[in-house]
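*Asks:* give the three-dimensional model of this entry:
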Amino acid sequence: VLELVSPRANALNGVNATKLDDIVPYLASTISRTKIEEANLIDAVIQHECTTVHDSVLWRFKEEAWNFIKSAEAGIRPNFQEISFRDVHPLYGQVDIKGSSNARNRAVQRDLLIQLSGIRSILDRLLEEFALPIYEELIFRVDEHMKEIQEVLLNNAEQSIFNFVREEIIPVFRHVKTLDSELSQLVATYEEGIDSETQAYYDHRKNYDVSVSTINDTLTNHLDRRQEEAQKMFPHYFERYKTDGVEHNMYIGTAIAQDLAFDRLYLQNLRLWQLQTMCEMENAHYKIKPTLPISLDVTSLIMVHNTEITIRFRMDEKRFDVDGTYNARYEIIKKRIDKAYVKGTRERLTQPGKMVVVYSQKSDELEYLRYIAFLKSKGYFSNDIEIVDVESVQGISGLKAIRADILYSTDKEEARTFTYEDLMETLES
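*Replies:* Model prediction:
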């Protein structure tokens with residue numbers, strides 16, 4: 001604090017005020033440095049207590065961080081208070097890789113069989129050369145492992161075989177390399193096919209991992225680009241997760257908008273944006289599908305929830321979650337719905353080439369049929385649209401779903417569009 005006083009009125013004038021020029025730069029520098037340190041301290045508290053926070057809700061975390069700092073400076077034990085947003089509208093969508101677990105199991109199975117076959121060939125040569133019973137016993141155990149995974153890959157089979165190779169086979173091969181140059185070459189050839197990081201044969205699994213990673217990167221890159229545009233329309237909370245595919249949550253409402261006036265028009269706009277963006281993500285996937293080491297399909301699903309909910313930031317998991325037992329119904333459906341069947345059938349609700357919109361209210365059905373009709377005029381959907389009943393999910397019944405055939409564009413210049421079946425024929429021919 002700098003205070004200037006004088007016993008005479010109007011003592012500070014244009015002439016002697018210039019004497020202050022010598023100290024003003026120091027004052028400005030100190031104030032600037034203090035503001036920067038304050039901002040850094042606030043960011044440090046948020047990073048420590050909450051990890052990275054989405055821009056749309058950062059203002060609320062800064063408020064709480066400032067309260068945290070003031071409490072600490074006042075000598076009061078600081079406590080980062082719970083942050084929640086009441087009465088927000090949730091939106092959920094996912095583009096899931098179809099049959100990813102089966103594809104991975106097939107890849108693991110093939111790699112293990114190739115590796116075990118290579119081990120057996122070397123053991124056969126050792127038995128022929130040295131006729132030691134231990135080699136015959138190892139061959140027997142290799143055959144048992146191969147029989148075990150020939151039909152079905154059990155959950156523990158991969159780790160069991162890995163342990164067997166590491167503890168039983170590698171020490172033998174290490175010894176064999178000291179016995180004979182020809183045998184040493186056989187072992188060296190086997191080792192050339194072994195991945196140095198996984199210590200296992202890693203060819204089909206690598207193809208699977210590359211395929212899944214490429215799909216996920218393609219989907220998230222498109223979603224992130226489009227999300228930047230959506231935030232400019234109206235700020236909302238957004239988060240996404242990479243699994244076998246990409247899931248995303250969005251929350252929009254007055255509580256998040258801070259000083260902006262929220263109107264239901266913005267919710268409708270975000271719903272339409274989500275539907276259009278997920279169609280574009282499907283197209284992005286099928287453009288790269290022919291280049292993937294393993295051909296994998298995706299399925300898409302949107303879940304509509306027409307009731308406002310409360311979300312709170314969970315300090316233990318560093319993420320937002322729904323608050324209250326009533327709102328938990330939304331989370332239950334969200335986690336189970338993609339595995340549901342069409343009521344009265346054994347047909348999975350989600351199917352390649354179809355956009356699935358799950359809802360419970362007639363008003364939601366009419367709203368999304370409007371959006372689909374609009375996007376159909378823009379070449380996103382075909383005329384094949386159906387409404388089906390969804391089987392009960394965790395005791396929650398009464399859900400319905402719109403399933404609309406997505407059109408895929410493969411030639412922008414000619415604006416050509418195809419259904420999923422047409423596209424598959426094109427890719428396979």
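
*Asks:* now do the strands in the stretch 201-350 of the chain.
*Replies:* Listed in chain order, the strands of the stretch 201-350 of the chain (DSSP state E, counting those that start in this stretch) span 237-243, 245-252, 298-304, 309-314, 319-322.

*Asks:* so how far is the fourth one from its chain's centroid?
*Replies:* The gap between where strand 309-314 is centred and where its chain is centred comes out at 20 Å by CA atoms, centre = their mean, to the nearest Å.

*Asks:* please name the nearest non-neighbouring residue to Pro389.
*Replies:* No, residue 389 isn't Pro; it's Asp. Lys343 (3.9 Å; CB to CB, 6 or more residues apart in numbering). In short, each C-beta sits where N, CA and C put it, glycine included.

*Asks:* I'd guessed that neighbour sits against Glu391; true?
*Replies:* Yes: assessed by CB atoms under 8 Å, Lys343 is found in contact with Glu391 at 4.8 Å.

*Asks:* any chance of the backbone angles for Tyr359?
*Replies:* Backbone torsions for Tyr359, taken as degrees, to the nearest 10, come to phi -150, psi 170.

*Asks:* who does the one helix or strand Gln94 maps to pair up with?
*Replies:* Here Gln94 sits within strand 84-97, counting by DSSP states H and E. For strand 84-97, sheet partners with direction are given as strand 245-252 (antiparallel), strand 298-304 (antiparallel), strand 309-314 (antiparallel), following DSSP bridges.

*Asks:* send the alpha carbons of it over as PDB?
*Replies:* What follows is strand 84-97, C-alpha atoms only, in PDB (Å, rounded to 0.1, in the frame of the first residue of the first chain):
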ATOM      1  CA  SER A  84     -22.400 -29.500  -7.900                       C
ATOM      2  CA  PHE A  85     -24.700 -28.200 -10.600                       C
ATOM      3  CA  ARG A  86     -28.500 -28.500 -10.200                       C
ATOM      4  CA  ASP A  87     -31.200 -29.000 -12.800                       C
ATOM      5  CA  VAL A  88     -29.000 -29.700 -15.800                       C
ATOM      6  CA  HIS A  89     -30.000 -31.600 -18.900                       C
ATOM      7  CA  PRO A  90     -27.900 -34.700 -19.600                       C
ATOM      8  CA  LEU A  91     -27.000 -36.000 -23.100                       C
ATOM      9  CA  TYR A  92     -25.200 -39.300 -23.600                       C
ATOM     10  CA  GLY A  93     -23.900 -41.000 -26.800                       C
ATOM     11  CA  GLN A  94     -21.500 -43.800 -27.700                       C
ATOM     12  CA  VAL A  95     -20.000 -45.200 -30.900                       C
ATOM     13  CA  ASP A  96     -19.000 -48.700 -29.800                       C
ATOM     14  CA  ILE A  97     -16.700 -51.200 -31.700                       C
END
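
*Asks:* the helix or strand that comes right after it vs strand 84-97, what angle?
*Replies:* Using DSSP H and E, the helix or strand that follows strand 84-97 in sequence is helix 100-130. Helix 100-130 runs at 50 degrees relative to strand 84-97, counting by axes from the mean of the first three to the mean of the last three CA atoms, to 10 degrees.

*Asks:* which elements pack onto helix 100-130?
*Replies:* Contacts defined by 3 or more CB pairs under 8 Å, 6 or more residues apart in numbering; DSSP states H and E place helix 100-130 against helix 133-150, helix 157-164, helix 170-176, helix 181-192, strand 200-201, helix 204-233.

*Asks:* okay, these in a markdown table with distance to Tyr368 next?
*Replies:* Below are the helices and strands packed on helix 100-130 laid out as a markdown table (distance: least, CB to CB, whole Å):
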| stretch | distance to Tyr368 |
| --- | --- |
| helix 133-150 | 45 |
| helix 157-164 | 43 |
| helix 170-176 | 58 |
| helix 181-192 | 55 |
| strand 200-201 | 47 |
| helix 204-233 | 18 |
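
*Asks:* just say which of these is most tucked in.
*Replies:* strand 200-201 (a mean of 20; mean count of other CB atoms under 10 Å).

*Asks:* what helices and strands are in contact with that one?
*Replies:* Using 3+ CB pairs under 8 Å, 6+ apart, strand 200-201 sits against helix 100-130, strand 194-195.

*Asks:* at 10 Å what do you get?
*Replies:* Applying 3 or more CB pairs under 10 Å, 6 or more residues apart in numbering; DSSP states H and E, we find strand 200-201 packed against helix 100-130, helix 157-164, strand 194-195.

*Asks:* and these: which comes nearest His285?
*Replies:* helix 100-130 (13.1 Å; CB to CB).

*Asks:* report the buried residues of that closest one.
*Replies:* The neighbour-count check on helix 100-130 (16 or more other CB atoms under 10 Å) flags 100, 103-113, 115-116, 118-120, 122-123, 125-127 as buried.

*Asks:* hmm, back to that, redo the strands of the stretch 201-350 of the chain as JSON lines? Include mean neighbour count.
*Replies:* As requested, the strands of the stretch 201-350 of the chain are exported to JSON lines (neighbours: other CB atoms under 10 Å):
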{"stretch": "strand 237-243", "mean neighbour count": "16"}
{"stretch": "strand 245-252", "mean neighbour count": "22"}
{"stretch": "strand 298-304", "mean neighbour count": "23"}
{"stretch": "strand 309-314", "mean neighbour count": "19"}
{"stretch": "strand 319-322", "mean neighbour count": "18"}
